[in-house]
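S.K.: This is a predicted model, with the sequence first.
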Amino acid sequence: MDVVLGGTFDPVHDGHRALFERAFELGNVTVGLTSDELAPKTRSIDRFVRPFDERRADLEAELRTLADEYDRGFEIRELNEPTGIATEPGFDVLIVSPETRAGGELVNDERIEKGLPPLDIEVVDHRYADDGDVISSTRIVAGEIDEHGNLTPDADGRSPVRDQRR
């Protein structure tokens with residue numbers, strides 16, 4: 001089975017890992033990683049998103065571990081539009097989170113318009129932080145929690161803009 005999912009993954013956290021794990025349980029995985037141009041447009045809160053190459057390196061490390069564990073293959077492709085690669089032929093299942101389910105339905109609408117079969121949509125539930133709220137990259141970047149949902153009251157978070165001194 002060929003599985004597809006997409007996102008910005010900045011930073012990768014336990015909620016993302018749940019998506020990846022479900023994907024690898026089902027088959028070989030293709031991940032659409034938002035381009036530098038698309039990433040800011042997909043954020044509900046304006047914040048700095050690390051460059052594509054940095055996000056790709058971190059994502060590849062995460063996926064390689066799971067691919068080895070499940071004896072599956074994976075590919076990372078640049079995502080330039082929200083429905084992106086999932087509207088291409090060759091996929092069977094789309095992995096989404098509860099808040100991206102509507103986007104999954106849009107993918108299927110586009111596939112049907114193209115004469116392709118709709119994808120099975122697998123919704124993976126959120127993972128929750130110690131305070132009971134959803135683990136999210138936005139909360140991690142703000143310094144509220146770490147990638148596992150542990151509260152980090154002494155963290156300052158990430159600057160909303162890239163440090164220009166690098």
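M.R.: Structure's in. What do you need? Numbering: from 1, shown residues only.
S.K.: Only C-alpha atoms, please: export the lowest-mean-pLDDT helix or strand in the chain in CSV.
M.R.: Between all helices and strands in the chain, the lowest mean by mean pLDDT, DSSP states H and E belongs to helix 137-141, at a mean of 92. Extracted in CSV, the C-alpha atoms of helix 137-141 (Å, rounded to 0.1, in the frame of the first residue of the first chain):
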residue,chain,number,x,y,z
SER,A,137,4.7,23.0,16.7
THR,A,138,3.3,26.5,17.5
ARG,A,139,3.3,25.7,21.2
ILE,A,140,6.8,24.3,21.0
VAL,A,141,8.1,27.3,19.1
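S.K.: Spatially central residue for this protein, please.
M.R.: The residue lying closest to the centre of the chain (Cα atoms, centre = their mean) is G7, at 3.2 Å.
S.K.: wait, isn't it in contact with A39?
M.R.: No. G7 lies out of contact with A39 (Cβ atoms under 8 Å); the separation is 9.5 Å. C-betas here are computed from N, CA, C, even on glycine.
S.K.: What is the neighbour count of D46?
M.R.: Number of residues near D46 (other Cβ atoms under 10 Å) recorded here: 8.
S.K.: and it, that one's in a strand?
M.R.: No. According to DSSP: H, G, I helix; E, B strand; the rest coil, D46 belongs to no strand; its state is coil.
S.K.: so where's this protein shaky on pLDDT?
M.R.: The model of the chain has pLDDT under 70 over residues 44, 159-166.
S.K.: Recalculate using a threshold of 50.
M.R.: The chain contains residues with pLDDT under 50 at 163-166.
S.K.: is it fair to say V31 lies in a strand?
M.R.: Yes. V31: assigned to a strand according to three-state DSSP.
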